[in-house]
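Participant: coords below, sequence missing:
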């Protein structure tokens with residue numbers, strides 16, 4: 001099984017020609033829908049069946065038994081973020097030394113170069129859209145690494161997943177628990193049953209291989 005990560009034009013072309021699973025990052029449903037349509041169209045143009053390519057954006061669910069519990073956990077996690085680490089991550093991604101810029105000032109303009117363009121654009125677009133300072137963007141980089149965060153109950157998370165699946169934003173999701181194994185355990189305990197109740201998650205694994213369980217053809 002060939003898995004590709006990246007949303008740049010070169011990454012999409014490579015995925016259209018070779019990939020069977022695509023990991024991506026989208027900050028909003030509209031952004032995800034645009035990527036989804038573009039990628040599936042390129043798969044068709046490459047002479048392949050679009051149903052044989054699974055698009056799975058990354059998401060970090062912060063699961064609580066109540067919304068208040070989930071919000072409190074997210075607030076606590078944000079106090080633990082290492083801003084210096086986030087700044088180093090951004091400097092590597094942006095290919096520029098960000099330590100010379102004021103943390104509480106705006107995110108500087110970043111020229112797009114070769115490679116890793118999609119994540120750089122995602123992060124800088126997020127900063128502009130949400131009016132983030134460099135400090136806040138560094139916190140995002142150190143925390144969710146630019147992936148979408150959903151904070152809430154099992155019902156809230158299932159509502160979000162259902163919307164994205166029904167509206168052409170994803171074929172599935174790459175789940176990235178904020179805390180291992182506590183948040184993974186809560187996801188399995190609370191969110192999976194809710195997804196099953198809605199017919200969005202299998203009751204059991206029908207096949208022996210990951211490929212088959214993802215609906216991909218046997219080769």
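Facilitator: Sure thing, it's come through. Predicted, not measured: the structure shown is a model, and the values here were computed from it.
Participant: now for the top strand by length along the chain, which elements pack on it?
Facilitator: As assigned by DSSP state E, the longest strand anywhere in the chain is strand 54-63. Counting by 3 or more C-beta pairs under 8 Å, 6 or more residues apart in numbering; DSSP states H and E, the packing neighbours recorded for strand 54-63 are strand 21-24, helix 29-45, helix 67-79, strand 148-152, helix 154-166, strand 174-175, helix 182-186. The C-beta positions use only the backbone N, C-alpha and C, and glycine is treated the same way.
Participant: go through these and pick out the most buried.
Facilitator: Greatest average neighbour count among the helices and strands packed on strand 54-63 goes to strand 21-24 (a mean of 23), per mean count of other C-beta atoms under 10 Å.
Participant: quick one: strands adjacent to the longest strand of the chain?
Facilitator: On the basis of DSSP bridges, the sheet neighbours of strand 54-63 come out as strand 21-24 (parallel), strand 148-152 (parallel), strand 174-175 (parallel).
Participant: can you give me every residue that contacts the most centrally placed residue in the chain?
Facilitator: Taking C-alpha atoms, centre = their mean, the centroid of the chain lies closest to residue 58, which sits 2.3 Å from it. Residues near residue 58 by C-beta atoms under 8 Å, 6 or more residues apart in numbering: 23-25, 145, 147-148, 173-174, 176.
Participant: cool, and residue 24?
Facilitator: Under the criterion of C-beta under 8 Å, 6+ apart, the contact list for residue 24 reads 5-7, 32, 35, 55-58, 118.
Participant: tell me how many other residues crowd residue 143.
Facilitator: Counted by other C-beta atoms under 10 Å, the residues lying close to residue 143 total 20.
Participant: what's near enough to touch the residue nearest to residue 72 when sequence neighbours are not counted?
Facilitator: If the residues on either side of it in the chain are set aside, residue 72 comes closest to residue 64, at 7.6 Å by C-beta to C-beta, 6 or more residues apart in numbering. Residues counted as contacts of residue 64 (C-beta under 8 Å, 6+ apart) are 70-73, 151-153, 186.
Participant: kindly report the same for residue 143.
Facilitator: Listed by C-beta under 8 Å, 6+ apart, the contact set of residue 143 reads 60, 77-78, 81, 86, 149, 178.
Participant: what do you get for residue 90?
Facilitator: The contact partners of residue 90, taken as C-beta under 8 Å, 6+ apart, are 98, 123, 134, 137-138, 141.
Participant: which residue is the nearest non-sequential neighbour of residue 135?
Facilitator: The shortest distance from residue 135 to any non-neighbouring residue, by C-beta to C-beta, 6+ apart, is to residue 103 (4.0 Å).
Participant: I'd guess that neighbour is in a helix, am I close?
Facilitator: No. Counting by DSSP: H, G, I helix; E, B strand; the rest coil, residue 103 falls outside a helix, being coil.
Participant: per-residue pLDDT of it, please?
Facilitator: In the prediction, the pLDDT value recorded for residue 103 is 96.
Participant: so how far is residue 28 from the residue of the chain most remote from its centre?
Facilitator: Residue farthest from the centre of the chain, counting by C-alpha atoms, centre = their mean, is residue 100 at 29.2 Å. Distance of residue 100 to residue 28, given as C-beta to C-beta, to the nearest Å: 31 Å.
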